[in-house]
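Novice: Have a look at this prediction, sequence included:
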Amino acid sequence: FQFLPKPNMKSTLVTDMKKLVNSELLSDITFLVEEEKIYGHKLMCLRCPYFNHMFTGEYMESKAAELTIDGIRPEIFLLFLEYLYSDSVEIQLKNAMELFEAADRFGLERLKKQCEFVMYGSINVDTAAEILLAADLHSAELLRDKCIRFVVANFDSVSLTKGFHEMSRANLELNIEILK
């Protein structure tokens, strides 16, 4: 009796699904993001509550072949689609905030939490005010609380940053809360 060699048992599902992101193969929806065409598949987009509601409801978008997406950069939308298709995406600090905002906008709580985790570990003098503003705007309470504690503890340094000045202009109430 001879044994066969063990076959490669590693799943290729995630890799295969990621290959479909922005692929014209069987694409049935084109997203226009900053005038750039991004190809999608409605079936995969159903994982997103926003698109599920849009594509399965009585909206004209449910039959549309093209859909304009405003307020998001193409690079971030592609990462968002990669997450929808594969349930995984590499979140780097440089894109965590925008991806966090997209996740909140489109109702993907798990992705939003993953982005929060990356930002939570990246709070420093240069990033604290910017992360605080996003956390406040998108109801990320734990992240917001950590940012406020960090800003208060490091106020002299943080208050000199560009992010702090932008936060102060965008949300005066946050500034008042910090000063209390």
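Specialist: Cool, got the structure. Residues are numbered from 1 along each chain as shown.
Novice: Any idea how many residues pack against Lys10?
Specialist: Each residue near Lys10 was counted by other Cβ atoms under 10 Å, and the total is 6. All C-beta atoms are positioned from the backbone trio N, CA, C, and that covers glycine.
Novice: Specify the local secondary structure of it.
Specialist: Reduced to three states with DSSP: H, G, I helix; E, B strand; the rest coil, the structure at Lys10 is coil.
Novice: Next, give phi and psi for it.
Specialist: phi -70, psi 130 (degrees, to the nearest 10).
Novice: Does Asp102 touch Ile72 like I think?
Specialist: Asp isn't right for residue 102; it's Ala. Yes. The criterion here is Cβ atoms under 8 Å, and Ala102 meets it with Ile72 at 5.6 Å.
Novice: Compare the two (neighbour count), which wins?
Specialist: Remark: of Ala102 and Ile72, Ala102 carries more neighbours, 23 against 18, as counted by other Cβ under 10 Å.
Novice: I'd assumed Ser168 was in contact with Leu133.
Specialist: No. The criterion here is Cβ under 8 Å, and Leu133 misses it with Ser168 at 9.5 Å.
Novice: then stretch 24-36 to CSV, C-alphas only?
Specialist: Extracted C-alpha coordinates of stretch 24-36, given in CSV (Å, rounded to 0.1, in the frame of the first residue of the first chain):
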residue,chain,number,x,y,z
GLU,A,24,-14.4,43.6,-16.1
LEU,A,25,-14.9,39.8,-16.1
LEU,A,26,-18.7,39.4,-15.5
SER,A,27,-18.9,42.9,-14.1
ASP,A,28,-22.4,44.2,-13.9
ILE,A,29,-21.9,47.6,-12.3
THR,A,30,-19.4,50.4,-13.0
PHE,A,31,-18.6,52.8,-10.2
LEU,A,32,-17.5,56.3,-11.3
VAL,A,33,-15.2,57.5,-8.6
GLU,A,34,-13.6,60.9,-9.3
GLU,A,35,-14.3,60.2,-13.0
GLU,A,36,-12.4,56.9,-12.8
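Novice: Great, nothing more from me.
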